[in-house]
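Asker: Predicted model follows, preceded by the sequence.
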Amino acid sequence: MLDDLNYRAIMIGFPLLTLGIITGAAWANYAWGTYWSWDPKETWSLIVWFVYAAFLHARFTRGWVGKRAAWLSIIGFAATIFCYLGVNLFLSGLHSYGSTPKM
């Protein structure tokens, strides 16, 4: 039951994440003149996308369910948390909103 719920949540979230990355790239092109600048936030969002893409790929092609699929989704969730919080706290770049202003 939890495996099915996890799969359904990722099946809803993955297209939304894809749409967010695409629209973010379009906005970046409008704002900064380039679609992708390999900023830490952009890079980590791509890493999150790849982890969840690997989850879906393993599920569709290898039939991964249960523990193996759960581990991939836990890794994806940890990468998502790092993308939202860790990048702002530990890395600097265009998306560093939480950093202290320099004097």
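Answerer: In hand now; what should we look at?

Asker: next SSE after the helix or strand harbouring I81?
Answerer: Under the criterion of DSSP states H and E, I81 resides in helix 67-81. Of the helices and strands lying after helix 67-81 in sequence (DSSP H and E), the nearest is helix 87-90.

Asker: quick revisit: point out the other helices and strands that the helix holding I81 packs with.
Answerer: In terms of contacts (3 or more CB pairs under 8 Å, 6 or more residues apart in numbering; DSSP states H and E), helix 67-81 is packed against helix 2-32, helix 40-57. The way it works is simple: take the backbone N, C-alpha and C, and place the C-beta from them, glycine included.

Asker: residue ranges with poor pLDDT in the chain?
Answerer: 92-103 (pLDDT under 70).

Asker: Centre-most residue in it?
Answerer: The residue lying closest to the centre of the chain (CA atoms, centre = their mean) is V48, at 2.9 Å.

Asker: How much space separates the residue lying closest to R68 once chain neighbours are set aside from W38?
Answerer: When the adjacent residues along the chain are set aside, R68 lies closest to A58, with 7.2 Å between them (CB to CB, 6 or more residues apart in numbering). Noted for A58: a distance of 27 Å to W38, by CB to CB, to the nearest Å.

Asker: what sits against D3?
Answerer: 65-66, 69-70 (CB atoms under 8 Å, 6 or more residues apart in numbering).

Asker: quick one: which of those residues is nearest W27?
Answerer: Using CB to CB, A69 comes nearest to W27 of the contacts of D3, at 32.9 Å.

Asker: Confirm for me that that closest one is in contact with A58.
Answerer: Yes - with contact defined as CB atoms under 8 Å, A69 reaches A58; the gap is 6.9 Å.
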